[in-house]
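Enquirer: Quick one: sequence and predicted model below, then my questions.
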Amino acid sequence: MPELPEVETVMRGLAVVLQGRVIRQASVHRAGLRWPFPAGLAERLVGARVEGYRRRGKYLLMRLSGGDSVLIHLGMSGRLVARPIADWPNAPIAHEHLALETTDGTRVGFVDPRRFGSVDLVPTAAEDGHRLLAGLGPEPLEPGFTPAVLEAALAGRATPIKAALLDQKVVAGLGNIYVSEALHRAGISPRRLAGSVGAVRAARLVPAIRAVLEDSIAAGGSSLRDYVQADGGIGFFQESFRVYDRAGLPCGDCPGPQPSSGPGCAGIRRFVQAGRATFHCPLRQR
Ligand SMILES: [Zn+2]
């Protein structure tokens with residue numbers, strides 16, 4: 001499932017493809033995805049110029065000249081695919097639910113086999129009031145996300161820190177992968193109760209969260225060629241994780257078995273927490 005870095009990369013890729021372009025045609029191929037599409041969606045897109053972009057948590061917003069923003073969530077399996085209209089196959093694209101064409105000859109489709117994604121319209125001036133954005137916590141890469149803010153959000157919570165960081169009200173944009181990675185970098189056990197994190201660990205956790213997100217965004221590339229793949233898929237990810245999906249491998253941050261100084265790192269362990277796989281190093285993370 002796309003998390004903050006993936007959505008950020010898709011947003012940058014979409015900006016490369018669509019920024020400043022005018023939508024000359026739009027088509028909607030079903031009534032909705034996770035939620036119904038807004039009434040008259042296609043008609044409201046046609047004629048608009050794409051003026052700008054914003055990401056909020058795992059949502060991306062495409063701002064249009066008419067004063068609306070298109071609010072997009074990629075869900076579990078959503079992708080945006082851009083190709084020159086001339087290269088587009090005549091046959092229907094499997095799982096393409098929405099498509100638009102620009103006056104300069106590009107077609108962008110929203111493809112989502114599992115249909116957990118969503119597309120809505122919201123007045124640009126009132127983006128933060130949209131029901132899907134109104135309750136989101138701070139953006140982890142913005143200055144307002146400080147150790148004191150995180151500590152306060154965690155105080156008194158009797159859930160594991162892993163679950164607390166997945167809560168979009170605590171911090172926006174993290175999912176299973178980056179929470180596992182950030183807890184490893186911060187040396188905090190995913191089982192630790194959120195309320196016991198405190199000031200000292202929060203001061204490690206905030207920069208750890210920022211670092212895993214920034215590293216992943218940087219790995220996504222920085223040019224048109226990076227952002228639009230050969231098959232037209234927008235966004236490019238080249239993650240290298242330290243713990244996620246690496247059960248049994250050395251975690252890279254531990255000194256390893258050292259008989260003279262007690263037991264060393266036995267490798268990354270996987271366990272299931274609230275129905276989701278969690279990866280951690282029991283030695284390093286307390
Ligand atoms: Zn280790």
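Expert: Great, that's in hand. Numbering: from 1, shown residues only.
Enquirer: counting contacts, what elements does the helix ranked longest in the chain pack onto?
Expert: Counting residues, the longest helix found in the chain (DSSP state H) is helix 198-219. Applying 3 or more Cβ pairs under 8 Å, 6 or more residues apart in numbering; DSSP states H and E, one finds that helix 198-219 contacts helix 4-18, helix 147-154, helix 176-186. Just so you know, the C-beta spots here come from the backbone N, C-alpha and C atoms, and that holds for glycine as well.
Enquirer: Of all these, which one comes closest to Ser196?
Expert: helix 147-154 (8.6 Å; Cβ to Cβ).
Enquirer: Can you spell out which helices and strands pack onto the next helix or strand after the closest one?
Expert: Next helix or strand after helix 147-154 toward the C-terminus (DSSP states H and E): helix 161-166. Counting contacts by 3+ Cβ pairs under 8 Å, 6+ apart, helix 161-166 packs against helix 147-154, helix 176-186.
Enquirer: do you know which of those helices lies nearest the ion?
Expert: helix 176-186 (8.3 Å; Cβ to the ion).
Enquirer: How about that closest one and the ion, touching?
Expert: No. Using Cβ under 5 Å from the ion, helix 176-186 never reaches the ion; the gap is at least 8.3 Å.
Enquirer: now the angle from that helix to helix 4-18?
Expert: 120 degrees (axes from the mean of the first three to the mean of the last three Cα atoms, to 10 degrees).
Enquirer: for helix 176-186, the distance to its chain's centre please.
Expert: Put simply, helix 176-186 sits 14 Å off its chain's centre (Cα atoms, centre = their mean, to the nearest Å).
Enquirer: For that helix, buried residues please.
Expert: Within helix 176-186, the residues scored as buried using 16 or more other Cβ atoms under 10 Å are 176-186.
Enquirer: Excluding chain neighbours, what is closest to Pro250?
Expert: Leaving aside its chain neighbours, Pro250 sits nearest to Gly267 (5.6 Å; criterion: Cβ to Cβ, 6 or more residues apart in numbering).
Enquirer: list the contacts for the one you found?
Expert: Neighbouring residues of Gly267 by Cβ atoms under 8 Å, 6 or more residues apart in numbering: 247-251, 281.
Enquirer: of these, buried ones?
Expert: 251, 281.
Enquirer: Can you name the residues of this protein that neighbour the ion?
Expert: 251, 254, 265, 281, 283-284.
Enquirer: Keep only those of those residues that are in strands.
Expert: Among those, no member falls in strands (criterion: DSSP state E).
Enquirer: From those residues, which one has the minimum pLDDT?
Expert: Ranked by pLDDT, the residues of the chain next to the ion bottom out at Cys254 (68).
Enquirer: could you check the distance from the closest residue to Glu96 other than its chain neighbours over to the ion?
Expert: Spatial nearest neighbour of Glu96, chain neighbours left out: Gly109 (4.4 Å); criterion: Cβ to Cβ, 6+ apart. To the ion, Gly109 is 43 Å away according to Cβ to the ion, to the nearest Å.
Enquirer: Wasn't Gly109 part of a helix?
Expert: No. Counting by DSSP: H, G, I helix; E, B strand; the rest coil, Gly109 is not found in a helix; it is strand.
Enquirer: wouldn't it be in contact with Leu98 here?
Expert: Yes. Using Cβ atoms under 8 Å, Gly109 is in contact with Leu98, at 7.0 Å.
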